[in-house]
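Give me the fold of what follows.
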Amino acid sequence: MTNPSEHPRTDSPGVPPGVCPMGPGGVTRLYGPDAEADPYGLYEKLRAEHGPVAPVLLHGDLPAWLVLGYRENLDVARTPSRFSRDSRHWRDMREGRLTPDHPLAPISTWQPVCVFADGQQHERWRGAVNDSMARFDRRGLRRHVTYCANQLVDRFCASGRADLVHQFAEQLPMMAMTQLLGMPDEYSPRLVNAARDMIKGTETAVASNEFVQETLRKLVARKRAQPGADFTTWMLEHPSGLSDDEVQQHLRLVLIAAFETTANLIANTLKMVLTDVRFRASLAGGHMTLPDAVEQVLWDEPPFITILGRWATQDTELAGKPIRAGDALVLGLAAANMDTTVRPDLDAPIHGNRAHLAFSGGAHECPGQDVGRAIAGTGIDALLLRLPDLTLGVDESELAYRSSLMSRHLTSLPVRFTAHQPPRPALTAGGAETAQTCAPQPQPVPTPTPSVQVPSAPVSRSSWWRSLVRRLRRR
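The predicted model follows:
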């Protein structure tokens, strides 16, 4: 197999002509409407033609390798000496083809953050992130998330209808993260739009990135002058002595990664609860809990389907493909989770198995994955407790996804339920009455949040679970 940098012909009986969006030299484009319409189908066509590693083209027809195999993804993630996270190794960047206004610039241009570093520098930056996350209070996280989830439900419960993507899944993570970072809550709606636009690699991605950067720049300056009990302050105070710019870039990293992954995880898990026969049958039989459903979703529909983020440091080989120094590699997380060499029966439910690559692997495995699980599990549990008769509002065939290079998410999730007036005052996490809102309080922030070791919130079998089981058994 020739190198993708040379735009080789890939004519092959494995893929009928015209099925895949083809770029120069017949190499498959990994972007554009055709490629994004069915990314999972595209991955399997590439796997059938090329095996576990396939040549592809990124935005602007930049060549790269898409890693499809489970073992090959782990190999790349665990060997930084061959496959670095430092994008300055990327040949196309060094030679000026990745211009500042390129759609991939916001997510691939080198920045002083742990995801673009290896070795001692990575340990310094990653240590500051881990230590600051470890200061979160695990009970405080669940109380805060439950409270914010109840606030969101209050906004639509009287109508008997809702779109759980726009009115719940996309709102809850940013409400939680703005509080954790110590920023004003009024930024949340604009940050939701900017964060999602950034990782799509759209024409407006650069402008969205500038808005996020300016917001965080102001936050760092404010916290330097007025410290609080929040992640931003703890990063500024860390013994590693991070500069303001280093803190700002890590806040951007945490904010964007936490928002997109958690929003997708919430939406996909809710869809599974409402539509998936495996979940309904297992739940009715008492064998699948909400944390089980979350892990099943992380296998089947990971929040990030790919990650652009490894660059070859030397000429090497991967699954028989010659990789040249400076080549870009895209980790195919969704494709790896569907690799039949490690998952022979793709339809079989997976209980308690966290060997998926939804959060990547190796030294750069997502440090906030348990925070995301806690936000998703706690938020969904609170929603189902408030709306125990929740049902899908349209036929499942009408649900649609929007995909980009890195992400695939539901465009909407319409639901119906029995309308009722919200309680007054609003519910807190413990069910007590309060007149507070989810807006930030005077420093210090009253509800700091969880440790990296936080497990998913336990499922209450005396609340929504029993109600849902009763409904399913009556069907």
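
in stretch 345-358, what counts as buried?
Residues of stretch 345-358 classed as buried by neighbour count (16 or more other CB atoms under 10 Å): 349-350, 356-358. Any C-beta I mention is one placed from the backbone N, CA and C, and that applies to glycine too.

tell me which of the residues you listed is nearest to L236?
Of all the buried residues of stretch 345-358, L236 sits closest to A358, with 30.6 Å by CB to CB.

What helix or strand is that closest one located in?
In the assignment (DSSP states H and E), A358 maps to no helix and no strand.

Tell me the spacing between it and F83.
19 Å (CB to CB, to the nearest Å).

One more: L164?
On the measure of CB to CB, L164 and F83 end up 38 Å apart.

Just the CA atoms from stretch 54-65 would do, formatted as CSV, please.
Output in CSV follows, covering the C-alpha atoms of stretch 54-65 (Å, rounded to 0.1, in the frame of the first residue of the first chain):
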residue,chain,number,x,y,z
ALA,A,54,-6.8,3.1,5.7
PRO,A,55,-5.5,6.1,3.7
VAL,A,56,-7.9,9.1,3.8
LEU,A,57,-8.1,12.8,3.1
LEU,A,58,-9.0,15.4,5.7
HIS,A,59,-10.4,18.9,5.0
GLY,A,60,-8.6,20.6,2.2
ASP,A,61,-7.6,17.1,0.9
LEU,A,62,-4.8,16.9,3.5
PRO,A,63,-3.6,13.2,3.6
ALA,A,64,-3.9,11.1,6.7
TRP,A,65,-4.2,7.5,8.0
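
Give the buried residues for that stretch.
In terms of neighbour count (16+ other CB under 10 Å), stretch 54-65 has its buried residues at 54-59, 62-65.

Do I have it right that L405 meets T306?
Yes - at 6.2 Å, L405 counts as touching T306 under the criterion of CB atoms under 8 Å.

Overlap of the contact sets of those two?
Here L405 and T306 have 30, 330 as joint contacts, going by CB atoms under 8 Å, 6 or more residues apart in numbering.

before we move on, back to that, from the buried residues of stretch 54-65, which ones fall inside strands?
Judged by DSSP state E, these include 54-58, 62-65 as members of strands.

Farthest pair within those?
Every pair in those was compared (CB to CB); the two farthest apart turn out to be A54 and L62, at 15.1 Å.

residues of stretch 384-397 that come out buried?
For stretch 384-397, a neighbour-count test (16+ other CB under 10 Å) marks 384-388, 390, 392-393 as buried.

Mark which of those are part of helices, please.
The members of those that map onto helices under DSSP state H are 384-386.

Would you convert these into JSON lines that also reports pLDDT?
Shown next, in JSON lines, are those (pLDDT from 0 to 100):
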{"residue": "L384", "pLDDT": "93"}
{"residue": "L385", "pLDDT": "94"}
{"residue": "R386", "pLDDT": "96"}
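
How about the backbone phi and psi for the residue positioned nearest the centre of the chain?
Computing the C-alpha centroid of the chain and ranking residues by CA atoms, centre = their mean puts T261 first, at 1.8 Å. Backbone geometry at T261, expressed as degrees, to the nearest 10, gives phi -70, psi -40.

just the one 4 residues further on next, same as before
Its backbone dihedrals place L265 at phi -60, psi -40, with angles given as degrees, to the nearest 10.

could you pull out the strands for the stretch 201-350 of the chain?
For the stretch 201-350 of the chain, the strands defined by DSSP state E, counting those that start in this stretch occupy 307-312, 316-318, 321-323, 328-331.

Which of those sits closest to H238?
strand 307-312 (24.2 Å).

quick revisit: flag whichever of the buried residues of stretch 54-65 scores worst on pLDDT.
Among those, H59 carries the weakest pLDDT, at 93.

which residues sit in contact with that residue?
Shown in contact with H59 (CB under 8 Å, 6+ apart): 31, 102-104, 201, 405.

Next, format the buried residues of stretch 54-65 as TSV and append distance to L74.
Formatted as TSV, these follow (distance: CB to CB, whole Å):
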residue	distance to L74
A54	17
P55	21
V56	20
L57	25
L58	22
H59	26
L62	25
P63	23
A64	19
W65	15
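
Show me the two of these that sit farthest apart.
The most widely separated members of the buried residues of stretch 54-65 are A54 and H59, with 17.1 Å between them, by CB to CB.

confidence score at T261?
Note for T261: predicted pLDDT of 89.

again with L283
54.

for H7, same thing?
Predicted confidence (pLDDT) for H7: 37.

go on, L331?
Reading off the confidence values, L331 has pLDDT 98.

burial count for it?
By other CB atoms under 10 Å, 28 other residues sit near L331.
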